[in-house]
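here is a sequence with its predicted model. Questions after.
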Amino acid sequence: MQSKELLREAFDRLPGLVRDALDRLEEAQLQHRPGGNGNSIAWLIWHTGRVEDAQIASAAGLEQVWMAGGFAKRFALPLPERDTGYGHSSGQVDAVRAPRSLLQEYYEAVHQQTSRVLGEIGDRDLDRVVDRHWDPPVTLGVRLVSILGDCYQHIGQAAYAKGLHAGMADTAGA
């Protein structure tokens with residue numbers, strides 16, 4: 001297996017995990033914040049898409065799907081257009097509200113762009129420096145692994161939060 005195939009395998013698992021995390025959730029469940037101040041499922045899935053979108057677009061010299069695909073307008077969040085959620089306050093987390101169908105559609109569109117980018121790279125491309133703001137500078141390969149780590153963590157957090165809803169339903173009738 002070549003590096004590109006391995007990366008594609010890892011990224012191709014993400015849309016199914018997002019679908020599973022969102023499946024059968026009502027609006028109140030999407031917005032619920034575990035413990036009153038944890039990140040909501042809506043915020044976690046939106047942020048996952050935003051982080052992947054912004055970083056893939058930057059590394060590949062493309063426009064973000066968020067703007068190019070009209071998602072910034074469709075979500076109509078009271079946040080700066082290029083906001084990815086990094087460092088959000090509690091109020092900003094609360095401001096991220098969207099139906100699960102729109103969250104899913106956005107993530108699928110981001111994944112399509114990521115797949116196109118991965119289809120065009122070779123092993124040599126993975127050594128290309130994409131961010132000189134760090135010491136050592138960040139290569140495309142390191143950036144892709146970083147994106148994967150963030151996405152898996154945030155989708156896992158959303159799945160955990162979804163599981164809390166099931167647990168709450170089980171104990172509500174007891």
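Now that the structure is in, tell me what you want to look at.

contacts and neighbour counts: CA atoms only from here.
Noted.

tell me what whichever strand or helix holds residue 44 is packed against?
For residue 44, the host element (DSSP states H and E) is helix 41-60. Judged by 3 or more CA pairs under 8 Å, 6 or more residues apart in numbering; DSSP states H and E, helix 41-60 is in contact with helix 27-31, helix 65-68, helix 100-120, helix 140-172.

chain center to the next helix or strand after the second one, what's the gap?
On the C-terminal side of helix 65-68, the nearest following helix or strand under DSSP H and E is helix 71-75. For helix 71-75, the distance from its own C-alpha centre to the chain's C-alpha centre is 15 Å (CA atoms, centre = their mean, to the nearest Å).

neighbouring contacts of the next helix-or-strand element following helix 71-75?
Once helix 71-75 ends, the next helix or strand along the chain (criterion: DSSP H and E) is helix 90-95. The contact list for helix 90-95 (CA atoms under 8 Å, 6 or more residues apart in numbering) reads 31, 37, 39, 40, 43, 77, 78, 79, 85.

which among these end up buried?
Among the contacts of helix 90-95, the ones that count as buried by 16 or more other CA atoms under 10 Å are 31, 39, 40, 43, 85.

in CSV: those, plus distance to residue 133 and pLDDT.
CSV is the format used below for the buried ones among the contacts of helix 90-95 (distance: CA to CA, whole Å; pLDDT from 0 to 100):
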residue, distance to residue 133, pLDDT
31, 35, 96
39, 28, 97
40, 31, 98
43, 27, 98
85, 20, 97
